[in-house]
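Asks: coords please:
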Amino acid sequence: MNPSQPPLPRRQFIKNNCGGERYANFIRNVGSTVFRDVPKEELLRLNNHLPNYGDEAKLGDLATAGLSPDYVFRETRRVLDGVQGKCKILPGIDIGIPTGKNSRKASPDDTYAAVAAAIKAGADGLILSRKYSEMRLANLAAAGRAVRDFVKG
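Replies: Sure, this is the predicted structure:
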């Protein structure tokens, strides 16, 4: 890396809505193999503790609850602390990634809260994930409102 050039941005996908479904599947998968003897709720608590996820929903509720705005804040801070200013961090906020029939869908309130949490955590910018064609205009408007509210103070 040339010290005279500014650091390159790094994307960090936060996936708060579809993340609940994916995280629950991960816990069930590792809980059926190498951690087979560990009760799944205990495995979830351990996995929440390691990256400092805080208190998220129980395993049975995780897909419908998604991951919280607090998760977005903590994960953004964790990554920012890890890179120590050596690159820009642009969290990818999940506002339209498809999920299962009974899993959480991004709402305007979810989008607003996730964007506000990432900005409050100190994100250098945002990426609205995943594809524009999957996003609803109300969610995009909520993301814009969160940014404008932050700028207003």
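Asks: ok, now which ones touch the residue nearest to K15 when sequence neighbours are not counted?
Replies: Of all residues not flanking K15 in the chain, D94 sits nearest, at 4.5 Å (C-beta to C-beta, 6 or more residues apart in numbering). The way it works is simple: take the backbone N, C-alpha and C, and place the C-beta from them, glycine included. When contacts are counted by C-beta atoms under 8 Å, 6 or more residues apart in numbering, D94 touches F13, I14, K15, N16, N17, C18, G19, A106, A114, S129, R130.
Asks: Turn those into a markdown table, columns for secondary structure.
Replies: Output for the contacts of D94, formatted as a markdown table (DSSP: H, G, I helix; E, B strand; the rest coil):
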| residue | secondary structure |
| --- | --- |
| F13 | strand |
| I14 | coil |
| K15 | coil |
| N16 | coil |
| N17 | helix |
| C18 | helix |
| G19 | helix |
| A106 | coil |
| A114 | helix |
| S129 | strand |
| R130 | coil |
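Asks: top of these by neighbour count?
Replies: Comparing the contacts of D94 by number of neighbours (other C-beta atoms under 10 Å), A114 comes first, having 32 neighbours.
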